[in-house]
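# Sequence and predicted structure below; questions after.
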Amino acid sequence: MAQELLKVEHLSAAYGGIHALYDISLKVDAGEIVAVLGANGAGKSTLLKCLSSEKKAAGGTITFDGKPLPPKPYQVVEEGMVIVPEGRQIFYKLSVKENLKIGCCLRKDTDGIRTDFERIYAMFPRLKERESQYGGLLSGGEQQMLAIARGLMARPKLLMLDEPSLGLAPIIVNQIMDILKEVNQDGTAILLIEQNARKALKLCDRAYLVNVGNIVAEGTGADLLADEKLMQAYLGQ
């Protein structure tokens, strides 16, 4: 039986008096890729804010690796949950290497950090080539690779990504999806928030479809991808 890594039960969240999430329940097992799909305003980013302790939930529970979610974002990272935010949010006036160092700033294992730098540069040779360049001088695709690499430098058990394909050319989107597959094969579980539903469903093991703060469907990526009526009704695809 697979080890349950993340468990969300009956989660709700609100902004003032406006609810963004209603009774959300989902899970991610160790080694899985799980996608959360939905149109703009469905509540996907709010879910990630709750999972990273950036936003306080109005109700429900979040358990990670058998323990309640810590209250502070840096504590969530220390426990092994790392988010790659929408829009990349790299440091434009820092070099590629300096951005990567920020990703591992909570770690103390010097030898492990050195090994992970080598692993990251092997996975992202373009970043090695641009190691001393400012993040702001990278292309959009390179910045997204840097954002993912920075997250991996924290050595997460679960990597959460918010719209990693946003604004990228199709060929770069394919590269990003291939990178996520490689990251997962190396043993990191992935929770993927993504509007490119077909790409996400082809990549993931399981998926949840969110509409106006509610989960309206769940299943394997293949099963949801084959349901054309569902795709059209909730995703317009």
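Perfect, thanks for sending it.
# Distance from the chain centre to the longest helix seen in the chain, please.
In the chain, taking DSSP state H as the definition, the longest helix is helix 170-185. Centroid displacement of helix 170-185 relative to its chain, using C-alpha atoms, centre = their mean, to the nearest Å, is 13 Å.
# ok, and what's touching stretch 100-120?
For stretch 100-120, contacts defined as C-beta atoms under 8 Å, 6 or more residues apart in numbering pick out 74, 77-78, 91, 94, 127, 146, 149-155. Quick note: C-beta positions are derived from backbone N, CA and C, even for glycine.
# Could you give me the buried positions within it?
If you call a residue buried by 16 or more other C-beta atoms under 10 Å, then stretch 100-120 has these buried ones: L100, G103, C104, I113, D116, F117, I120.
# so what's G41 closest to, chain neighbours aside?
Using C-beta to C-beta, 6 or more residues apart in numbering and skipping the chain neighbours, the partner closest in space to G41 is V212 (7.5 Å).
# thinking the one you found is in contact with A42, fair?
Yes: judged on C-beta atoms under 8 Å, V212 makes contact with A42 at a distance of 6.4 Å.
# What are the buried residues along the one helix or strand A233 maps to?
Assessed by DSSP states H and E, A233 sits inside helix 228-235. Using 16+ other C-beta under 10 Å as the test for burial, helix 228-235 gives L230, M231, Y234, L235.
# Could you dump those residues into a markdown table and include distance to E32 and pLDDT?
Converted to a markdown table, the buried residues of helix 228-235 look like this (distance: C-beta to C-beta, whole Å; pLDDT from 0 to 100):
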| residue | distance to E32 | pLDDT |
| --- | --- | --- |
| L230 | 21 | 84 |
| M231 | 22 | 81 |
| Y234 | 22 | 72 |
| L235 | 21 | 74 |
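# Excluding chain neighbours, what is closest to L166?
Among residues not flanking L166 along the chain, E86 sits closest, at 6.5 Å (C-beta to C-beta, 6+ apart).
# quick one: the one you found and A226, what's the gap?
Look at E86 and A226: by C-beta to C-beta, to the nearest Å, they are 28 Å apart.
# who has more neighbours, those two?
Set side by side, E86 and A226 show more neighbours around E86, with 17 against 12, by other C-beta atoms under 10 Å.
# what's the pLDDT at the more buried one?
Here, the pLDDT recorded for E86 equals 86.
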